[in-house]
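A.B. asks: Predicted model and sequence follow; I will ask about them next.
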Amino acid sequence: GKLGSPIECDRVHVSSGFFRSTEFGERGYWVYRFYQGPLGVRPTLAQFKPDFRRLNGNQTPAELEAARAAFIADFMSRPAFTAIYAGLTTAANAAQFIAKLEEKTGVTLPASNTTQPGQPPQFGRQELINKMASGEFTAAQTIRAFIEQKVVFDAFFFKAFVAMQYFGYLNRDPEDAGYNDWVDVMTNGRASAGIAPGDYRHLIHGFIYSLEYKGRFGPQQ
């Protein structure tokens, strides 16, 4: 923080740094999207933690890729997944597989797409179907490509951001009322309080200075 500014500025800055980091964006939020997307549900802390741990820590790019592939294979074998997608993961069912992914996620892939710098490969809807139908992509590669599309990334960013505040600061699952309110503030702002949409600093400050968080870690210096 600037000279003379209160210490909490530094704490909020460090926290916000994490939530805008690769660790959050490419690992935590990547895992989160498999739940909120293909399964259509927010992960619980108990579900999220072990999955996130698989990708966390110092891994080489090759190790991280292997961990991601292992996570996807495991995820696709779980009852919650097979209950929705049984019979749809073959090349012959590529169109139905994508349609079901879109239905559960609540998004429609764009007809055409351009990959911008820093993005994973972006595909048009039919293009992704064709890659799976031709056997170029396995179902696992297809679902990964799906959750890495910008339209899916954008759909859940604030929801994941808020959920991970509860996970990270309070070490518990969100209660619906508080969670929904924070998501609304992050998405739409709160004009009456002078809060702009996407004000992550306000959100983080709210969690760091909550009585619950202070109670977990004792008096804040």
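C.D. replies: In hand now; what should we look at?
A.B. asks: Would you mark the buried spots in the lengthiest helix in the chain?
C.D. replies: For the chain, the longest helix by residue count, based on DSSP state H, is helix 61-77. For helix 61-77, burial by neighbour count (16 or more other CB atoms under 10 Å) applies to 64, 67-68, 71-72, 75-76. Yep, even glycine has a C-beta here, placed from its N, CA and C like the rest.
A.B. asks: For it, name the packing helices and strands.
C.D. replies: Packed against helix 61-77 by the contact rule (3 or more CB pairs under 8 Å, 6 or more residues apart in numbering; DSSP states H and E) you find helix 29-34, helix 45-55, helix 79-85, helix 139-147.
A.B. asks: tell me the mean pLDDT for it?
C.D. replies: Helix 61-77 shows a mean pLDDT of 95.
A.B. asks: and of the helices and strands packed on helix 61-77, who's closest to Pro197?
C.D. replies: Ranking the helices and strands packed on helix 61-77 by their distance to Pro197 (criterion: CB to CB) puts helix 29-34 first, at 18.3 Å.
A.B. asks: these two touch, right, Ala160 and Tyr32?
C.D. replies: Yes. Contact criterion CB atoms under 8 Å: Ala160 and Tyr32 qualify, at 4.4 Å.
A.B. asks: picking up where we left off before, spatially, which two of the buried residues of helix 61-77 are the most separated?
C.D. replies: Maximum distance among these (CB to CB): 18.7 Å, for Leu64 and Met76.
A.B. asks: Nearest residue to the middle of the protein?
C.D. replies: Centroid-nearest residue in the chain: Tyr29, 2.7 Å away (criterion: CA atoms, centre = their mean).
A.B. asks: ok, back up a step: could you dump the buried residues of helix 61-77 to CSV with distance to Thr82?
C.D. replies: Converted to CSV, the buried residues of helix 61-77 look like this (distance: CB to CB, whole Å):
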residue, distance to Thr82
Leu64, 26
Ala67, 22
Arg68, 20
Phe71, 16
Ile72, 14
Phe75, 10
Met76, 8
